[in-house]
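**Q** Please work out how this folds:
(one chain, ligands or ions: 1)
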Amino acid sequence: MNPQETLQIKCMPVNPIEMNLYVVYRKNGEGILIDPGCCQESEFERLFRFVDQENIQISHILLTHPHFDHFWGAARICKHYGLPLEVHEKALGLLEKGAMGAASFGLPPVEVPEKAKVFDANKMEFAGTRLEVRYTPGHCEGSVCFVLPEAKTVFSGDVLFNGSIGRTDLPSGNLDLLRKSIFEQLFVLDEDFQVRPGHGGRTWIEQEKYQNPFL
Ligand SMILES: [Zn+2]
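**A** Alright, predicted model coming up:
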């Protein structure tokens, strides 16, 4: 651990659905991956090279929700780092089904990692900092947002986007529940928290609270 280094957030849009993979780390220290959605060879190489260049020890590979675009490359990435994919307890049983969601894009099912486990939502930490897990169903079951107080950042998965919200027309989607998740779990954060969504550019809690046309 290198507590003197500032926490860094690297966003890598990957796969044809342009899903944001995040590397959260201290240079020459510990780091985590959120949503290992790499698909093309070049995307895997870019991720592995970046982690090596920044000299990061990856300690957790986390998933916001069990949709295939978010864990497309998980099997290979988990094997590469010798780590399991860590998911919410309600997501564990939904990975196989989520993997088949690729069919709706005319794609073969994505590979589910051999090792997946439920994270301990009450004791998540890395690189000497705390990561809070907020359960935020509505886009789908087993969906969480990760709050990083040190960097005043929330990783919002497909719950809240810049100027939009997650779709609710897929299995276990529910608009009322999604709105409740956003109001009760995300809009209670300080307004200067930045929001790092699963797709598209970043935004801020303040901006979405007052300007999001879907809320
Ligand atoms: Zn997505």
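
**Q** Quick check, pLDDT for the closest residue to Y22 other than its chain neighbours.
**A** Spatially, and ignoring its direct neighbours in sequence, Y22 is nearest to I34 (4.3 Å; Cβ to Cβ, 6 or more residues apart in numbering). The C-beta positions use only the backbone N, C-alpha and C, and glycine is treated the same way. I34 is assigned a predicted lDDT (pLDDT) of 98.

**Q** And for I34, the neighbour number?
**A** Residues within reach of I34, counting by other Cβ atoms under 10 Å, total 25.

**Q** same thing with T6?
**A** 10.

**Q** Skipping adjacent residues, who's closest to T168 in space?
**A** L175 (4.5 Å).

**Q** My read is that the one you found contacts R167, right?
**A** No. L175 is beyond contact range of R167, at 9.5 Å (criterion: Cβ atoms under 8 Å).

**Q** Looking at these two, which is more packed in?
**A** Counted by other Cβ under 10 Å, L175 and R167 do not tie: L175 has more neighbours, with 15 against 12.

**Q** And that one, how close does it get to L215?
**A** L175 is 11 Å from L215, where distance means Cβ to Cβ, to the nearest Å.

**Q** E150 too?
**A** 27 Å.

**Q** just checking, the residue nearest to Y22 touches F155?
**A** Yes. The criterion here is Cβ under 8 Å, and I34 meets it with F155 at 5.3 Å.

**Q** any shared contact partners between these two?
**A** Y22, T64, F146 (Cβ atoms under 8 Å, 6 or more residues apart in numbering).

**Q** Please identify which helix or strand holds the first one.
**A** Per DSSP states H and E, Y22 falls inside strand 19-25.

**Q** elements contacting that strand?
**A** strand 8-14, strand 30-34, helix 41-53, strand 194-197 (3 or more Cβ pairs under 8 Å, 6 or more residues apart in numbering; DSSP states H and E).

**Q** Please work out which residues outside it touch it.
**A** Contacts for strand 19-25 (Cβ under 8 Å, 6+ apart): 7-14, 31-38, 47, 50-51, 54, 56, 69-70, 72, 126-127, 148, 151, 155, 196-200.

**Q** ranges for the helices of this structure?
**A** Secondary structure of the chain (DSSP state H): helices at 41-53, 68-71, 74-81, 95-100, 175-181, 205-211.

**Q** closest one to C140 among those?
**A** Nearest to C140 among the helices of the chain is helix 95-100 (8.1 Å), distances taken as Cβ to Cβ.
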